[in-house]
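A.B. asks: Build me a structure from this.
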Amino acid sequence: MKILAIETSCDDTCAAVLENDRLLSSVISSQTDLHAKWGGVVPDIAKRAHSERIEPVIKEALKNANLSVDKSTSPLNKGRSLDNLIKNIDVIAVTLGPGLSIALGVGVNYAKELAKKYNKKIIGINHVEGHILANLIKNKEGNPERKVEFPSLALTVSGGHTKLILIKDIGDYTVIGETLDDAAGEALDKAAKMMGLGYPGGPIIERLAQKGDKKYLVLPRPLSGQKNFDYSFSGLKTSFYYQIKDWPKEKIGENLANLSASFQDAVFDSLLIKFKKAIEFYNPKTLLASGGVLANLELRKRLRKLAKENNIPLLMPVKKQFNTDNAAMIGIVAYYKALRKEFVKEKESLDRDPRLNF
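C.D. replies: All right, here's what the predicted structure looks like:
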């Protein structure tokens, strides 16, 4: 089974081709430079960029997968038309949500057009499930071969969501905790903006924090004393703001490393406090972690330590590009959905759902 996967949930235009659970190609066209000067994603700019890039990105992914069956003798025509490139595709998968509505619409509408024009089966995908199953993506040779024992616990952390999910089986999920306000990645970006840093702020804070004193500021770990597994980062962000709001720019500039280390430490502590509580309560057999913030090496280090202390296997995406938004993760979900015959019956009825949940 060959799958073409499409992801346009926010500011990356992505396409990938998989053969079953093996990744043949993955293309990611980032819009970061377009949004950087605005300090965040601008919906109209995102939509326009997706609309301009989606066809060439899909063509590149199909070409890189080497699925062309064009018999033309002309080197100018060989393998270049979408008609030829998509012939060997069996299933088209596309992100329905959650995400930015105006961006999701570009991917969903394009996927529907392809499915109808070329008579392909289509599957709608939950973006968060994509992050969870990004841990199971294999290369062309079928590696790595990873085993997930159930029940398992997944932590997904990005700029758009922060969730703790109990997994009873692939496709059987229960959200046991989530942020009540800002996502962890969003909080990092906002803290960076307060310090006058660029966008996206998370990677900048990570770099600065390496040389800073994480105890420089005393910051709260919201909801850490409560028995539930929910998160809140709004109060942390507010505390950070009020502690530095009257500082002159020179003082902030001199303490960027310390401020970054203090804020990042508070965010990561908050994440792990609840993850640890959930581990103790549910006694999972496998831990999974993914999402854009998992590109942070310090967070990965802390998660490995937590897993080791509890003697539970931990899976994290093997490549950095599988943490951030990508279409490979959409394709792997589609593979498991296809095994369960979860195809869209009425293609025309398929629609985006920016608040999609499990």
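A.B. asks: for the record, mean pLDDT for stretch 130-139?
C.D. replies: Here stretch 130-139 scores 97 as its mean pLDDT.
A.B. asks: Ends of it, what's the gap?
C.D. replies: Chord length of stretch 130-139, first to last residue, is 17 Å (C-alpha to C-alpha, to the nearest Å).
A.B. asks: buried sites along that stretch?
C.D. replies: By neighbour count on 16 or more other C-beta atoms under 10 Å, the buried set for stretch 130-139 is 130, 131, 132, 133, 134, 135, 136, 137, 138. Every C-beta, even on glycine, is put in place using the N, C-alpha and C of the backbone.
A.B. asks: do stretch 281-290 as well
C.D. replies: Applying 16+ other C-beta under 10 Å to stretch 281-290 flags 282, 284, 286, 287, 288, 289, 290 as buried.
A.B. asks: quick one: contacts for the first one?
C.D. replies: The reference is to residue 282. Taking C-beta atoms under 8 Å, 6 or more residues apart in numbering, we find residue 282 in contact with 151, 153, 166, 176.
A.B. asks: out of the residues you listed, which are inside helices?
C.D. replies: Among these, none falls in helices (DSSP state H).
A.B. asks: Narrow those residues to those that are buried.
C.D. replies: Among these, the ones that count as buried by 16+ other C-beta under 10 Å are 153, 166, 176.
A.B. asks: and the nearest residue to the first one once chain neighbours are set aside, helix, strand or coil?
C.D. replies: Spelled out, it's residue 153. Nearest residue to residue 153 in three dimensions, chain neighbours excluded: residue 284, at 4.2 Å (C-beta to C-beta, 6 or more residues apart in numbering). Applying DSSP: H, G, I helix; E, B strand; the rest coil to residue 284 yields a three-state assignment of coil.
A.B. asks: With the one 4 residues further on instead?
C.D. replies: Using three-state DSSP, the structure places residue 288 in strand.
A.B. asks: State the pLDDT value of it.
C.D. replies: pLDDT for residue 288: 98.
A.B. asks: My read is that it contacts residue 131, right?
C.D. replies: No. Assessed by C-beta atoms under 8 Å, residue 288 is found out of contact with residue 131, at 9.3 Å.
A.B. asks: tell me, how many neighbours does residue 259 end up with?
C.D. replies: By other C-beta atoms under 10 Å, the residues close to residue 259 number 28.
A.B. asks: whoops, residue 206 was the one
C.D. replies: Neighbours of residue 206 under the rule other C-beta under 10 Å: 19.
A.B. asks: Isn't it up against residue 300?
C.D. replies: No. With contact defined as C-beta under 8 Å, residue 206 does not count as touching residue 300 (10.9 Å).
A.B. asks: List the first helix or strand encountered after the helix or strand bottoming out on mean pLDDT in the chain toward the C-terminus.
C.D. replies: In the chain, the helix or strand scored least confidently by mean pLDDT, DSSP states H and E is helix 32-36, which has a mean of 83. Following helix 32-36 in sequence order, the next helix or strand is helix 43-64 (DSSP states H and E).
A.B. asks: would you list every one of the helices in the stretch 1-150 of the chain?
C.D. replies: 32-36, 43-64, 82-85, 101-117, 127-133 (DSSP state H, counting those that start in this stretch).
A.B. asks: Backbone dihedrals for the closest residue in space to residue 231 that isn't next to it in sequence, both of them.
C.D. replies: What sits nearest to residue 231 in space, not counting adjacent residues and going by C-beta to C-beta, 6+ apart, is residue 179, at 4.3 Å. Main-chain torsions, residue 179, degrees, to the nearest 10: phi -70, psi 140.
A.B. asks: Give the full set of residues in contact with residue 179.
C.D. replies: By C-beta under 8 Å, 6+ apart, residue 179 lies in contact with 161, 162, 163, 230, 231, 232, 233.
A.B. asks: mind giving me TSV with the residues you listed and columns for neighbour count and pLDDT?
C.D. replies: Shown next, in TSV, are these (neighbours: other C-beta atoms under 10 Å; pLDDT from 0 to 100):
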residue	neighbour count	pLDDT
161	22	92
162	30	97
163	25	97
230	17	97
231	30	97
232	20	96
233	26	96
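A.B. asks: picking up where we left off before, can you give me the buried ones in the least confident helix or strand of the chain?
C.D. replies: Going by neighbour count (16+ other C-beta under 10 Å), the buried part of helix 32-36 is residue 35.
A.B. asks: and that helix, how far from the chain's centre?
C.D. replies: 18 Å (C-alpha atoms, centre = their mean, to the nearest Å).
A.B. asks: Identify all contacting residues around that helix.
C.D. replies: Here helix 32-36 makes contact (C-beta under 8 Å, 6+ apart) with 11, 41, 42, 45, 46, 49, 198, 199, 200.
A.B. asks: Residue 189 against residue 197, yeah?
C.D. replies: No. Using C-beta under 8 Å, residue 189 is not in contact with residue 197; the gap is 9.2 Å.
A.B. asks: Can you give me the neighbour number for residue 48?
C.D. replies: Counted with other C-beta under 10 Å, residues neighbouring residue 48 total 15.
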